[in-house]
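Visitor: I would like the atomic coordinates for the input below:
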Amino acid sequence: MSNGSKWLFTDLKQELEREPLHIQGIFPEWLSGTLFRNGPAKFMESHLFDGLAMIHKFAIDHGCVTYSNRFLRTPAYDRAMTNGQTLSGFASPSSSGAKGYNANVSVTRIDHHFAALTESPDIVAFDPCSLGTIGVLPYEDDLPAHYTTAHPHYDFRRKSLFNFTVQFGRTCSYHVYGMPDGTRRRKLIGTVETTAPAYMHSFAMTENYIVLVEFPLIFNPLELMQGEKSIADSMHWMPERGTRFLVVGKNSGKLERVFESDSCFSFHLINAYEKQGDIFIDACAMKKISMGSINPGHLSESAYNPSNQPAMLRFRLSPGKTVAAVERLSEETMEFPGIHYRWSNAAEYRYAYGTSTNRNRPESIENQLVKVDTHFGTAKTWFQEGHYPGEPVFVATPHASSEDDGVILSVVLDGDGGSSYLLALDAVTFEELGRAVVPHHIPYGFHGLYTNELFNEEEGG
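Guide: The predicted structure is shown next:
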């Protein structure tokens, strides 16, 4: 790994407000909206998932871009800034059970609120104008939840958000729910009981099904409930269990089918859809995972491992069978995948975008962007040596006429310069349109949300 990548795991202290950014190249005139991005900005030693959450905001308006950033002011932030201590987190056990609400993974909209999410069931609302922290946004129900995902899916036909919670106990349960627009009341769809709950960072959704993919990274509920071990230390890699696909009907709420496959692990599923009775699930899958190794120190020092990179795999679940068929979609690797969500989510699709590792200049941290044609397996890449792109976000042109008619936005670290920039690519050609340069570095981040709205920069929250 190059020396410049150290900036990915270097704390960011500076907070800016409405900072005009210098533009190199162009941002299309039609592109008008806001990109929010979430990720750690003060790194705690234990785990990358425990770094203190910061929201970054890029406001794009008629070719101009302004930038703001602000820590989420949560109990975790207050405790860390006051005395350097951490509350209960992903890799930080707490015998008192005190929570930090450190929602540093993703951003979504719930009941007209902008909210930061992590895998804790609690979500933290923030003001989209000032980025001020509003606080924990309570649900209007009593659905049992010890754990969840930071990657809910939205069903445009049903106008509802879908997700699931995990309830730990003597017998554990996955509770699948829907949450209609305009409410914070989670409606239970169905429950699947298990004695060995799996860690699932995301899940799959098709038109008629929710599919929970149980990779063999298994929680020990007793260790969790005793509180002596952290969440990460309570997970155990058990490859002999293989991978299971739990197919839950959206209408029936029942576990309708179960499929098996070889052992693997995936943080992020790309997309899923139904076709002629089959269910197809695409995933960024690697051979194995060690949650304890995902800490800033290890990531910044680890060497590239060619045998355990996230491959684009397609799992086919066919009626009358119990074993999933598997094929590889591209020779390129992929992480932090994205699609034209409004056009393609839960439907057959052609294009996927993600971060990747350049095969000629491999590093242990993804160092290029990739666009894969899933129909033909071909790929286009964007690469600049010593630069490290984050999650690509697709933004469609007004009245888009094709699936890839739009731009790709990605926050990129310039490792040599020690600063970052917002990159805009033509989604069709994958060629650079422009970049908006931030006056400081932006650390390693996770996920973002783009909205076509521009928000008044009035202090609130």
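Visitor: list the contacts for residue 115?
Guide: Contacts for residue 115 (CB atoms under 8 Å, 6 or more residues apart in numbering) come out as 103, 107, 108, 109, 123, 124, 125, 126, 137. Every residue, glycine included, has its C-beta placed from N, CA and C.
Visitor: which of those residues are buried, as a PyMOL select command?
Guide: Burial among the contacts of residue 115 is assessed by 16 or more other CB atoms under 10 Å; the matching PyMOL selection reads:
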select buried, resi 103+107+108+123+124+125+126+137
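Visitor: can you list the weak-confidence ranges in this protein?
Guide: For the chain, residues meeting the criterion pLDDT under 70 lie at 1-2, 45-46, 85-88, 93-99, 456-461.
Visitor: biggest helix in it, by residue count?
Guide: The longest helix of the chain (DSSP state H) is helix 75-83.
Visitor: pull that one out as CSV, backbone CA atoms only.
Guide: This file holds the C-alpha atoms of helix 75-83, laid out as CSV (Å, rounded to 0.1, in the frame of the first residue of the first chain):
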residue,chain,number,x,y,z
PRO,A,75,-23.2,10.3,23.5
ALA,A,76,-20.3,8.4,21.8
TYR,A,77,-18.9,11.7,20.5
ASP,A,78,-19.3,13.5,23.8
ARG,A,79,-17.6,10.7,25.8
ALA,A,80,-14.7,10.4,23.3
MET,A,81,-14.1,14.1,23.1
THR,A,82,-14.4,14.7,26.9
ASN,A,83,-12.3,11.9,28.2
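Visitor: pull out the buried residues from that helix.
Guide: 76, 77, 79, 80.
Visitor: quick check, the third one in contact with residue 100.
Guide: Okay, so that is residue 79. Yes - in terms of CB atoms under 8 Å, residue 79 counts as a neighbour of residue 100; the distance is 6.9 Å.
Visitor: coming back round to it: after the longest helix of the chain comes which helix or strand?
Guide: Scanning forward in sequence from helix 75-83 by DSSP states H and E, the next helix or strand is strand 106-110.
Visitor: quick revisit: output the buried residues of helix 75-83 as TSV; include the columns distance to residue 227.
Guide: TSV is the format used below for the buried residues of helix 75-83 (distance: CB to CB, whole Å):
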residue	distance to residue 227
76	17
77	22
79	18
80	20
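Visitor: now, which of those residues sits nearest residue 174?
Guide: Each of the buried residues of helix 75-83 was checked against residue 174 using CB to CB; the closest is residue 76, at 26.6 Å.
Visitor: give me the nearest residue to the closest one, chain neighbours excluded.
Guide: Residue nearest to residue 76 in three dimensions, not counting chain neighbours: residue 100, with 2.8 Å by CB to CB, 6 or more residues apart in numbering.
Visitor: looking at the buried residues of helix 75-83, spot the one nearest residue 433.
Guide: For these, with residue 433 as the reference and CB to CB as the criterion, the closest is residue 77, at 35.7 Å.
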